[in-house]
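Whatever this is, show me its structure:
(chains A, B, C and D)
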Number of protein chains: 2
Amino acid sequence: MPSFDPRHTPDTRARILDAAELLFVEHGFEATTLRMITSRAKVNLASVNYHFGSKEALIQDVFRRRLTWLNEARLAALDELEAEAKGAPLKPRQIIDAFFGVPLRVAADTEHGGHTFMRLLGRTYTEPATFVRQFLADEYAAVVPRFKQALFRALPDVPPEEILWRFHFMLGAMSYAIAGVDALQLVAGYEMDEKDPGALARRLMPFLLGGLRAPLAGQTEQTAGKAEKKTPRKAA
Amino acid sequence: MPSFDPRHTPDTRARILDAAELLFVEHGFEATTLRMITSRAKVNLASVNYHFGSKEALIQDVFRRRLTWLNEARLAALDELEAEAKGAPLKPRQIIDAFFGVPLRVAADTEHGGHTFMRLLGRTYTEPATFVRQFLADEYAAVVPRFKQALFRALPDVPPEEILWRFHFMLGAMSYAIAGVDALQLVAGYEMDEKDPGALARRLMPFLLGGLRAPLAGQTEQTAGKAEKKTPRKAA
DNA sequence: ACTCATTTCAAACAAACGTTTGAATAATAC
DNA sequence: GTATTATTCAAACGTTTGTTTGAAATGAGT
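Residues are numbered from 1 along each chain as shown, chains lettered A, B, ... in the order given. Here you go, the predicted model:
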C-alpha cells in the first residue's frame, strides 16, 4: 500500500505529476501514454500504478493539485472584496477580476508550471471524457455559485439567465486566451512573441468587461438575421 | 482502388462520416475507435481503410466535408457586404456577423448535423494533434486574412495586434457558445433547455461586439501605451 | 545485526488498437 | 452469358496500451 502522505514519498510522485502535466498539454490525455510519462520523469513504468493506482487517477491528481488551490484563491479574493464592500453589491469589474484574474496571474507564472497547467485547464472544459467532466463539476460546485450570486447582485437589471450565458462566454474567451499563442497563431498567421506575461490580462480584462456589460439583444438593434439572403441554408 | 467520386459509392462512405462525426464529438478523436465507428455506421471494420485509407485521413475528411462549405459561406457573406459598401470600410458588427453568424446559423441547424459538427469544430482549435492543427491552418489560410484586413479598416484607431487578440478571444467565446450546453451546465449547475436555436446568436453577438469595442487597457492603467482615444465608445 | 514495511525494477500480462489480407459478393461493361 | 472491377466481409496481423507480477533494493525502528 502506498503512503498518501506526500512527506513519505520522495520526489517520484511529484516528478510523475510534473511530467504528466506537461505531456497532457502537448498531446492530450489519450495520446499521452504512461511510457511517455515515466520515461520523461525518469522513473519506472510501474510507479504510476503504484503511486496513483491508475492512469485515470493520475489525471485527476494532476488537476486536483492545482485546481484546489486555484479555487481557494478565487474564493479568498471574493471574500476580501465582499468584506470591504460591507454588504453593498460589488462592481462587475471586481467580480470578474477575482474570478479571472487569479488564473491569469497563475498563467503568467511560467516559473512554477502555472502556465503549463492553465493551458491544460482551458482545454478541459470541453473535454468529453465523462470522468474528467464529473471531476471538474465537483471541483467547481463550491466556487461558481458564489460568483453567480455576486454577479446577480451586481447586475440586477440583467436577466440571470443572460448573466450565466455571458459568464460562459467569458470562460471561453479566457480558455482561448490562455491556451493562447498556439491557437492564435492559427488566426494571426504568425507567431506573436509575448514577453510580458501580464500583458495578457491587460488585453483580456477589458474584452471580458465589454462583453459582460454589452447592451442586450433586444435593447438597441437586431444582431443577427439580416445578413443572409443568399446563404444556401434556410434563414433562421 | 476506391473511387473518390461520391456517385460511385452508395452510402457507406457517408454513413461512416456521419457516425465518425457524432462519435468524435462525444468522445474525442483518440478515444473513438474504428470499431465504434463502423459498428455504429453498421458497416464492416475494413471499410474505413478501404474508403479513406486511414483513421487520420478519415478525420480530415470529416472536417473537410463541412469546413470547406463553411468558409466559402463566410467569404461569400463578406463579399456581399463589401460590394454593398462600395469601398467604404465596413462596420465591425457587419464583419463579426459575417464571420460568426454563419457558423452560428449552421450550429442552429440540428436537422442536418450542423450542430454536431460545430461542437466538434469548437473543440478543435485547441486540439494538440499536429496533423489536425496543420489541416485547420491550411483551411483558414484563405479566409482569415480577408477578415483581418476588414477589421483593420473598420477599426483604424485600434492597434492591429489588439484586434487580432480580440478576434482570438471572440473565437474562444464562440467555441464555448457552440460547444455549449454541456459546458454551460458545468457553470450554471442545471440544464438550460434552449428550444429556440436562434437565441444563441442573439445572446452571443452583443457579447462579441461589446468585447471587440471595449476601451483599451490604457484607460485605467498606464503600463501599456495608450495609442487611441478618439473613437467615441459606448461604454456602459 | 535483524525485521518489516515501503519503494523500485525488469519482465510479462491480456486486451484493444489501426491496419492488412484474401476470399466472397455485388455491380458494371462487353 | 462471361470478364472485369468495385465493394464487402470475417479473420488475422503486428503493435501498443494500461496494468500486474514477484523479486530485488532501500530505509527506518529496535
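
Longest helix in chain A, by number of residues?
Using DSSP state H to define each element, chain A has its longest helix at helix A:55-85.

hmm, it touching DNA strand D?
Yes - contact between helix A:55-85 and DNA strand D, assessed by C-beta under 7 Å from any atom of the strand, occurs at A:Lys55, A:Glu56. C-beta coordinates here come from the backbone N, C-alpha and C atoms, glycine included.

quick one: pLDDT of the nearest residue to A:Leu81 once chain neighbours are set aside?
By the measure of C-beta to C-beta, 6 or more residues apart in numbering or on different chains, the closest residue to A:Leu81 outside its immediate chain neighbours is A:Gln94, 5.1 Å from it. Predicted confidence (pLDDT) for A:Gln94: 96.

Check which helix or strand A:Gln94 maps to.
Element membership for A:Gln94, per DSSP states H and E: helix A:92-108.

List the contacts of the helix or strand that comes right after that helix.
Counting by DSSP H and E, the next helix or strand C-terminal to helix A:92-108 is helix A:114-124. Residues outside helix A:114-124 that contact it (C-beta atoms under 8 Å, 6 or more residues apart in numbering or on different chains) are A:21-22, A:24-25, A:28, A:62-63, A:66-67, A:103, A:106-109, A:132, A:136, A:174-180, A:197, B:126.

and the following helix or strand past helix A:114-124, does that touch chain B?
Heading C-terminal from helix A:114-124, the first helix or strand you meet, by DSSP H and E, is helix A:130-140. Yes - Helix A:130-140 is in contact with chain B by C-beta under 8 Å from any C-beta of the partner chain, via A:Arg133, A:Leu136, A:Ala137, A:Tyr140.

Isn't the last one up against B:Leu186?
Yes - using C-beta atoms under 8 Å, A:Tyr140 and B:Leu186 qualify as a contacting pair, with a distance of 6.3 Å.

Find the residues that touch each one of the two.
Common neighbours of A:Tyr140 and B:Leu186 (C-beta under 8 Å, 6+ apart) do not exist.

Which helix or strand contains A:Gly211?
Per DSSP H and E: helix A:199-212 holds A:Gly211.

Residues touching whichever helix or strand A:Gln149 is part of, excluding its own?
Using DSSP H and E, A:Gln149 sits within helix A:144-154. With C-beta under 8 Å, 6+ apart as the test, helix A:144-154 has contacts from A:74-75, A:78, A:82, A:89-92, A:95, A:98-99, A:160, A:163-164, A:167, B:187, B:189.

which sections of chain A are below the confidence cut-off?
A:1-10, A:180-183, A:189-195, A:197, A:219-236 (pLDDT under 70).

domains in it, as residue ranges please.
According to automatic domain parsing, chain A comprises the domains A:10-53, A:64-212.

buried stuff in stretch A:117-135?
A:117-129, A:132-133, A:135 (16 or more other C-beta atoms under 10 Å in any protein chain shown).

Does DNA strand D have contacts with that stretch?
No - applying C-beta under 7 Å from any atom of the strand, one finds stretch A:117-135 out of contact with DNA strand D, separated by at least 11.4 Å.

returning to what we had before: just curious, which of the buried residues of stretch A:117-135 is nearest to DNA strand C?
Using C-beta to the nearest atom of the strand, A:Ala129 is the member of the buried residues of stretch A:117-135 that lies nearest DNA strand C, at 13.7 Å.

ok, that closest one - contacts?
A:Phe29, B:His27, B:Gly28, B:Ala31.

Now do the helix holding A:Gly211 against helix B:199-212, angle only.
Angle, helix A:199-212 to helix B:199-212, by axes from the mean of the first three to the mean of the last three C-alpha atoms, to 10 degrees: 130 degrees.

Wondering if helix A:199-212 reaches chain B at all.
Yes - using C-beta under 8 Å from any C-beta, helix A:199-212 reaches chain B at A:Ala199, A:Arg202, A:Arg203, A:Leu204, A:Met205, A:Pro206, A:Phe207, A:Leu208, A:Leu209, A:Gly210, A:Gly211, A:Leu212.

which among the contacts of helix A:144-154 are in contact with DNA strand C?
When contact is defined as C-beta under 7 Å from any atom of the strand, the contacts of helix A:144-154 do not meet DNA strand C at all.

Kindly give a single PyMOL line that selects the buried subset of the residues you listed.
Buried residues within these, by 16+ other C-beta under 10 Å, are selected in PyMOL with:
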select buried, (chain A and resi 74+75+78+82+89+90+92+95+98+99+163+164+167) or (chain B and resi 187)
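
who's in contact with A:Leu155?
Contacts of A:Leu155 by C-beta under 8 Å, 6+ apart are A:Pro92, A:Ile163, A:Leu212.

Against DNA strand C, how distant is the last one?
Pointing back at A:Leu212 there. 42 Å (C-beta to the nearest atom of the strand, to the nearest Å).

Quick check: that residue touching A:His168?
No - counting by C-beta under 8 Å, A:Leu212 stays clear of A:His168, with 11.3 Å between them.

hey, what's in contact with both of these two?
With C-beta under 8 Å, 6+ apart, A:Leu212 and A:His168 have no common neighbours.

To what extent is the residue nearest to A:Leu81 buried, counted in neighbours?
Number of residues near A:Gln94 (other C-beta atoms under 10 Å in any protein chain shown) recorded here: 20.
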